[in-house]
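1. dropping the sequence and predicted coords here.
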Amino acid sequence: MNTKNTDLKNIMTEPYKYGFETNVDADTTPKGLSEDIIRFISAKKNEPEWLLEYRLKAYQHWLTLKEPHWC
């Protein structure tokens, strides 16, 4: 390995030393929409139970709709 690569590897593996870091919490969910995802988002937002029920009812209605055919 040449000197440039060694220096770069050393720089990339040492801790950040210039003052601050931002640790970001992230949640991941599977792609798509389901009741479980709706419940997860509602809990994450700390929504009241009535709002969760409203969203679940809207989701159940959405499932009955047919996809439009535009052409």
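-> Structure's in. What do you need?
2. list the buried residues in the lengthiest helix in the chain.
-> What stands out as the longest helix in the chain, according to DSSP state H, is helix 49-64. By 16 or more other C-beta atoms under 10 Å, the buried positions in helix 49-64 come out as 52, 55. The way it works is simple: take the backbone N, C-alpha and C, and place the C-beta from them, glycine included.
3. now for it, which elements pack on it?
-> helix 35-44 (3 or more C-beta pairs under 8 Å, 6 or more residues apart in numbering; DSSP states H and E).
4. check which helix or strand the residue nearest to the spatial centre of the chain maps to.
-> With distances taken as C-alpha atoms, centre = their mean, the residue of the chain nearest its centroid is Thr28 (4.0 Å). Of the helices and strands defined by DSSP states H and E, none includes Thr28.
5. alpha carbons only: can I get the longest helix of the chain in CSV?
-> Presented in CSV, the C-alpha positions along helix 49-64 are these (Å, rounded to 0.1, in the frame of the first residue of the first chain):
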residue,chain,number,x,y,z
GLU,A,49,-56.0,6.6,20.5
TRP,A,50,-58.9,8.3,18.6
LEU,A,51,-56.5,9.5,15.9
LEU,A,52,-55.0,6.1,15.5
GLU,A,53,-58.5,4.6,15.1
TYR,A,54,-59.3,7.3,12.5
ARG,A,55,-56.2,6.5,10.5
LEU,A,56,-56.9,2.8,10.7
LYS,A,57,-60.4,3.3,9.5
ALA,A,58,-59.2,5.5,6.6
TYR,A,59,-56.6,2.8,5.7
GLN,A,60,-59.3,0.1,5.7
HIS,A,61,-61.4,2.3,3.3
TRP,A,62,-58.3,2.9,1.1
LEU,A,63,-57.8,-0.9,0.7
THR,A,64,-61.3,-1.1,-0.9
